[in-house]
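Trainee: Sequence and predicted model, in that order:
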Amino acid sequence: MFIKKNHTALAAAKQTELKQLSGYSQEQILAQLHTRLSGLDEAEVGKRQLQYGENTVQSQSALPAYRVLLAAFNDPFVYVLLFLMIVSALTNDRDGAIVMAIMILLSVLIRFTQEYRSQKASAALTKLIQNTTAVTRDGITRELPMDAVVPGDIVTLSTGDMIPADAYLLKTKDLFVNQSSLTGEAMPVEKKADYDTAELPQEATAFDYPNLVYMGTDVLSGSGVAVILKTGSATFFGDIAESASAVQGPSNFDTGMRRISRFLITMMMILVPIVFLINGLTKRDWTQAFFFAIAVAVGLTPEMLPMIVNSNLAKGALAMAKKKVIVKQLHAIQNLGAIDTLFTDKTGTITEDRVVVMRYVDALGEKDDSVLRLAYMNSNYQTGWRNLMDQAVIDYVEKHKSERQLLPGTLTKVDEIPFDFDRRRLTVVVQNDDHQWMITKGAFEEMIQVSDYVLIDGQVTPMTGALHDRLVQTNEQLNQSGMRVLAVAYRQDVHTQNVYTIADEHNMILAGFLGFLDPAKPDAKEAISLLNDHGVRVKVLTGDNAIITQHVATQVGITNTAVLAGNDVDDLDDQALAKAVATHDLFVKLNPLQKARIISVMKGHGHTVGFMGDGINDAPALRQADVGISVENAADITKEVSGIILLEKSLLVLEDGILEGRRVYANAMKYIKMTVSSNFGNALSVLIASIFLPFLPMLSIQLLVQNLIYDTAQMAIPWDNVDPETLAQPTPWRAEGLFRYTVLFGPVSSVFDVLTFLFLWFGLGVGNDPSSLALQGMFQAGWFIEGLFTQALIVNVFRTRHVPSFKTPASAVVLLATGLALAIGGLLVLTPLRVAFDFGTLPGQFWPWVLLIIGGYVLTVEAMKAVYVKRTGTWL
Ligand SMILES: Nc1ncnc2c1ncn2[C@@H]1O[C@H](COP(=O)(O)OP(=O)(O)OP(=O)(O)O)[C@@H](O)[C@H]1O
Ligand SMILES: [Mg+2]
């Protein structure tokens, strides 16, 4: 609370301090932090860990049990009930207060157990994928878990890294970071160790200072070395994580739930005073009218709603955790059930995350060791994000060739130009004696653009039209045999210089090609076909070229192999792009922003979309998607922005997740629709009865107990079965049907309530002497039974779209809960317990008639359901 209130003041203080540190020279800052370029020693680290604690912020660590419990209390419906309970307790209605307390406890405790269990399970899994950072201590650089970083640590940052804490840059190389999580600004920001204060904008915030980087941001490209200034909650991000503003915007599901909650509370606020006035005026007993109104308010509160929704989600997350799927945001499950399109990257997602070097050939397709050597130097010396292809080159060489044989001992690295997804090239410059070599590898089309010569049989030959065609042919041959291809080129004897830029990538000599085997995951085909069967279309968004993408697509069963390339995407406006996206399944040569744009256009046209990716280039698209999915060995930032992380290689688990999501949604919707319509019906019945009856239709305690029993029966809903028809198709948030549903089915229940009311009044003779307490008690017992039985039984009718409902019975738990509710209700009016609740005695002839009425109600609803399903094609 304190932190939130003083958030701005504190942030301002932090800013001033950081700005000041930014002005220090490197020597000053190292002295200030009592550290050096070779890093802290272990003793110092130990001391600082004690002093500053773990480098984590509140939102990242699992919540302790009491916080989960408090969160379970934090719900408008629980508040309403708490308020009513306090009013009852203050006005000496002890029994009523106790019943309400039980309701609150049931709802909160079930929700707590479910959420706590699921949180523990995902926290355990999350530990497996701890983010790391390269820390130098005692002169040795190692990857350490991010939470082990302390002020004074020296860290090395490279492409795709998350910045572990607030830090001062000592050295940079084309370093661009994404600060959007702190500033909201999506454009990359360049950071520099050395800068001129004159470069700073007039009203620069600490985020504009070029030599400062912050926790919660990430490296888009380039690299750097930094010294840590602040860790954990002392960072800027620490503040934000603790204030509510850091929480992601609400999903469709959240907004929908909020709207329903508001609707129900409004309904209650209007109806309850009316019920109070009518009963007070007609019965002239204002105390009784007051308690009755409170009981009606309790009846109208769907106090189990938060428990049902959250238990459902938590249950889903737990089920997924058992299948080695981390659900980082609970609502990702519901969104997963709602997607109708799943976009995916190619390598590492639908293909295995094990890419292997298969060929190293010259321009003519002949095996050539020198091509491998060049590629090895390139992959080995580059310091950016080491992707699967770089890894494959290094692995291959270390396994098959001796490293020494490949690299002359006198070789030193001069510079590098990091890979980027627009240029699709990566350059490294090395020096041997007095020679400098610039070595570049990258996508074929992009390499041809910078190559003026081709190496043929050891001879540097100028590029000709015929040679160009020959290269295209070699490339295609490799692609067609299912290999991803990188072209490799070099330039020797360049002017001796220390710094290289993209402008230097020209005039190169194309040396040859590397072919990588990138096989489809064994179960990708099955998974994709299952997704298709369940109404989810799979589309590929890749930076790779058309031929290899078509090859992989065919392997995994994507039959529409028409491709749309990145350049085409840029030429289309949103409208045209949406059309093109509908007719294509393969999108190639995309840069990260094009991936993100395709997703956002799709979303704009009413689709719910998922995106699965593993690279840093996938992060923008993952942020954009309704649900982002990544895999275990994805880049840190990629995992960070994903809602779901698959730890197992198999894609079949996606199918499970989607079904789980739909089940969650279906069960939550089931409860919402049933509750809203039955509450509406009840309210109507109470109003009618209040107007015409000279006494209360039910005592407040009876109404409360009826509610409690009904709630108990409803608690089983998260464990209910769902119709296969409901699971077969995506389930976007569809609250619109709710109103129609409520006005159709609510009044029907009132009709049968009124029938019961007439039967008790005329048939059983309550009307003959309404002032008799015994007859009043009989009336109340009769109405209690009818209300409870219809509500409990109707759960079993509403829960399925099938007619008759018993064709697809509820799960055992739900059946048991229903049976229990009926039994308890029966016991309360049939055994001596009834005296405690002031129920009267029901005559034998009551039972056949009430069963008839209940049967009539069930049949009517079944018939209406058949018509409803036929007309709308949907149910619940
Ligand atoms: N380390 C690298 N060195 C040189 N070129 C690279 C490197 N990584 C990727 N490329 C080139 O850039 C292209 C796009 O990169 P990449 O394949 O990683 O994108 P992507 O969209 O993630 O595709 P994919 O679906 O294959 O994962 C590649 O096809 C390749 O030609
Ligand atoms: Mg990729």
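Mentor: On my side now, so go ahead. Ligands and ions are numbered 1, 2, ... in the order given.

Trainee: Any stretches of the stretch 651-800 of the chain with poor pLDDT?
Mentor: Applying pLDDT under 70 to the stretch 651-800 of the chain flags residues 732-736.

Trainee: ok and the residue in it nearest ligand 1?
Mentor: residue 651 (14.6 Å; Cβ to the nearest ligand atom). Bear in mind the C-beta positions are built from the backbone N, C-alpha and C, glycine included.

Trainee: thinking that residue is in contact with residue 521, fair?
Mentor: Yes: with contact defined as Cβ atoms under 8 Å, residue 651 counts as touching residue 521 (5.9 Å).

Trainee: tell me, what's touching those two both at once?
Mentor: 350, 527 (Cβ atoms under 8 Å, 6 or more residues apart in numbering).

Trainee: Among those two, which residue is more densely surrounded?
Mentor: Remark: of residue 651 and residue 521, residue 651 carries more neighbours, 27 against 20, as counted by other Cβ atoms under 10 Å.

Trainee: Please report the distance of that one from residue 423.
Mentor: For residue 651, the distance to residue 423 equals 31 Å [Cβ to Cβ, to the nearest Å].

Trainee: Show the pLDDT at residue 75.
Mentor: Note on residue 75: pLDDT of 81.

Trainee: So which residues of the stretch 1-150 of the chain form strands?
Mentor: 132-137, 140-145 (DSSP state E, counting those that start in this stretch).

Trainee: for those strands, which one ends up most surrounded?
Mentor: strand 132-137 (a mean of 20; mean count of other Cβ atoms under 10 Å).

Trainee: hmm, back to that, export the strands of the stretch 1-150 of the chain to a markdown table and append columns for distance to ligand 2 and mean pLDDT.
Mentor: Formatted as a markdown table, the strands of the stretch 1-150 of the chain follow (distance: least, Cβ to the ion, whole Å; pLDDT from 0 to 100):
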| stretch | distance to ligand 2 | mean pLDDT |
| --- | --- | --- |
| strand 132-137 | 20 | 91 |
| strand 140-145 | 21 | 90 |
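
Trainee: between the ones you listed, which gets nearest to ligand 1?
Mentor: strand 132-137 (18.5 Å).

Trainee: who in the protein is up against ligand 1?
Mentor: Contact residues, the chain versus ligand 1 (Cβ under 6 Å from any ligand atom): 345-348, 387, 389-390, 419, 424, 426, 441-443, 486, 542-544, 615, 617.

Trainee: need the contact list for the residue in the chain positioned nearest to ligand 2.
Mentor: Nearest residue of the chain to ligand 2: residue 615, at 3.7 Å (Cβ to the ion). Counting by Cβ under 8 Å, 6+ apart, residue 615 makes contact with 160, 345, 348, 385, 387, 634-635, 638.

Trainee: closest point of the stretch 151-300 of the chain to ligand 1, which residue?
Mentor: residue 159 (10.2 Å).

Trainee: ok, now which ones touch that residue?
Mentor: So residue 159 contacts 219-223, 384-385, 418-419, 616 (Cβ under 8 Å, 6+ apart).

Trainee: got it, and residue 598?
Mentor: Residue 598 touches 343, 541, 569, 577, 581, 587, 590, 621, counting by Cβ under 8 Å, 6+ apart.

Trainee: wait, is it part of a helix?
Mentor: Yes: under DSSP: H, G, I helix; E, B strand; the rest coil, residue 598 falls within a helix.

Trainee: Could you measure from it over to residue 306?
Mentor: Residue 598 is 36 Å from residue 306, by Cβ to Cβ.

Trainee: Name the residues of the stretch 301-450 of the chain found near ligand 2, please.
Mentor: 345, 347 (Cβ under 5 Å from the ion).

Trainee: Could you list the low-confidence segments of the stretch 301-450 of the chain?
Mentor: In the predicted model, the stretch 301-450 of the chain carries pLDDT under 70 at residues 402-406, 408.

Trainee: Show me where it has its helices.
Mentor: Counting by DSSP state H, counting those that start in this stretch, the stretch 301-450 of the chain has helices at residues 305-322, 331-338, 369-381, 388-400, 403-406, 444-448.

Trainee: With mean neighbour count as new columns, can those helices be given to me in CSV?
Mentor: Output for the helices of the stretch 301-450 of the chain, formatted as CSV (neighbours: other Cβ atoms under 10 Å):
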stretch, mean neighbour count
helix 305-322, 24
helix 331-338, 27
helix 369-381, 22
helix 388-400, 18
helix 403-406, 12
helix 444-448, 19
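
Trainee: Quick check: which of those helices is nearest to residue 818?
Mentor: Of all the helices of the stretch 301-450 of the chain, it is helix 305-322 that lies closest to residue 818, at 15.8 Å by Cβ to Cβ.

Trainee: now that closest one, how far from the centre of its chain.
Mentor: Going by Cα atoms, centre = their mean, to the nearest Å, the spacing between the C-alpha centre of helix 305-322 and its chain's C-alpha centre is 14 Å.

Trainee: repeat for stretch 362-379
Mentor: Distance, centroid of stretch 362-379 to centroid of chain: 43 Å (Cα atoms, centre = their mean).

Trainee: what do you get for stretch 810-818?
Mentor: With Cα atoms, centre = their mean, you get 31 Å for stretch 810-818.

Trainee: what's the answer for stretch 215-235, then?
Mentor: 25 Å.

Trainee: and that stretch, what's its mean pLDDT?
Mentor: Mean pLDDT, computed over stretch 215-235, is 88.

Trainee: and residue 419, how many neighbours?
Mentor: Count around residue 419 with other Cβ under 10 Å applied: 22.

Trainee: Name the nearest residue to it, sequence neighbours excluded.
Mentor: residue 426 (3.9 Å; Cβ to Cβ, 6 or more residues apart in numbering).

Trainee: Over to residue 709?
Mentor: residue 821 is the one closest to residue 709 (Cβ to Cβ, 6+ apart), at 5.0 Å.

Trainee: what sits against residue 364?
Mentor: 456, 470, 474 are the contacts of residue 364 under Cβ under 8 Å, 6+ apart.

Trainee: same check, this time on residue 377
Mentor: 406-407, 411, 428, 430, 437, 439.

Trainee: Restricted to buried residues, select these in ChimeraX.
Mentor: Those of the contacts of residue 377 that count as buried under 16 or more other Cβ atoms under 10 Å are selected in ChimeraX with:
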select :406,407,428,430,437,439
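
Trainee: what would the strands of the stretch 1-150 of the chain look like in CSV with distance to residue 773?
Mentor: As requested, the strands of the stretch 1-150 of the chain are exported to CSV (distance: least, Cβ to Cβ, whole Å):
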stretch, distance to residue 773
strand 132-137, 75
strand 140-145, 72
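
Trainee: Compare those strands and give me the one nearest residue 100.
Mentor: strand 140-145 (46.8 Å).
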